[in-house]
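Enquirer: 3D, please:
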Amino acid sequence: MKVEKKVLEQVAEYLGNYVYLLIDPRTGNPFYVGKGTRTRVLDHGLEADALTAPTEEPQGEHSRKITAIHGIRQDGLEPEIWILRHGMGSEYTQVEAAAIDLLSSFQLMPSQTPHPLAHLDQLTNARRESSHGHGIETLENIVSEFAAPDLGADTPPLLLVTLKSWVDAEEVTPGGSVRAGYGFKSEWLSTGDRALFAAELGDSVRCWWKLSQSRIERDGIEHVVAVHRGVTRGLFKIRQDAWEQDPITGRRGFQVSPVLEGPVFDRVIGQYGYRTPAKKRGAVTPLTYWPTVTG
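Expert: The predicted model follows:
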């Protein structure tokens, strides 16, 4: 994984002391649990075989890990790197040991589409760690978010919609179709083909909001953008002839068409997405007008 030095430094600082998993993309199963520090990232980059110092691995263990990595690469693939926990102190050694014990105690089954937290429904727990910002994530997604440049002011006027984690909830949308839920699914972060989830993401951003159709039209806003974790994730063209208002709540929605290429896409989404300014403390609305819109 080749990364610019500036981004590498930011990722290293963010990770601190970390515990990681190496995933075999051929089976979707983890084959190694390791720990490392920001120094390893700075000195050796983000290669799967370099995240842990060889001196911290027994010789046989290190050899088996390298053999497994070489086998994956011989098939033209690369191991996936998942960061299990980061930003820790000395407890990262205990977290590594706990992860090894856990994964060594249950039989692992092949998974066709592995991604962090893909099987939350297997446990009765309500996940709590996500609120602390140190939960499981792929290293690729972490790097992509640090590599995302700031959203520039040279875009056309936009309506930015900040989405939280996905919620299952059937609801009628403008046009009469029923969406299965709203928000942003964690697996979309690792999906390279945006067209695969464009319809569901579009359903999340197009309704139901407290906004003025006349204001959108007056300010020349033609596109709505899905934002998740502060980065733009999807671009949609607003169908100006397809607005609807909920007669009970007064909230409005509209129909959209996904934009997957072109000059506006390049300036708003691009390769990594673009980072949007942090919301002011206390701000609760998911809507932001960009670059500047007078009220």
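
Enquirer: where do the helices sit along the stretch 1-150 of the chain?
Expert: 5-15, 38-44, 59-74, 92-103, 139-147 (DSSP state H, counting those that start in this stretch).

Enquirer: Can you tell me which of those helices is packed in deepest?
Expert: Of all the helices of the stretch 1-150 of the chain, helix 139-147 carries the top mean neighbour count, a mean of 19, counting by mean count of other CB atoms under 10 Å. (Glycine included, C-beta is placed from N, CA and C.)

Enquirer: packing partners for that one?
Expert: Contacting helix 139-147 under the criterion 3 or more CB pairs under 8 Å, 6 or more residues apart in numbering; DSSP states H and E are the following elements: helix 5-15, strand 80-88.

Enquirer: Can you name the element that comes right after it?
Expert: For helix 139-147, the following helix or strand on the C-terminal side (DSSP states H and E) is strand 158-162.

Enquirer: quick one: strands adjacent to that following strand?
Expert: Taking DSSP bridges as the criterion, strand 158-162 forms sheet pairs with strand 223-228 (parallel), strand 287-290 (antiparallel).

Enquirer: nearest to residue 226, of the helices and strands packed on helix 139-147?
Expert: Nearest to residue 226 among the helices and strands packed on helix 139-147 is helix 5-15 (23.1 Å), distances taken as CB to CB.

Enquirer: Let me see the contact set for residue 44.
Expert: The neighbours of residue 44, taking CB atoms under 8 Å, 6 or more residues apart in numbering as the test, are 50-51.

Enquirer: Which pLDDT value does the model give it?
Expert: pLDDT recorded at residue 44 is 84.

Enquirer: Could you report the separation of it from residue 7?
Expert: Distance, residue 44 to residue 7, by CB to CB, to the nearest Å: 15 Å.

Enquirer: again with residue 227
Expert: 20 Å.

Enquirer: contacting residues for the residue lying closest to residue 165 once chain neighbours are set aside?
Expert: Spatial nearest neighbour of residue 165, chain neighbours left out: residue 183 (5.5 Å); criterion: CB to CB, 6 or more residues apart in numbering. By CB under 8 Å, 6+ apart, residue 183 lies in contact with 163-167, 204.
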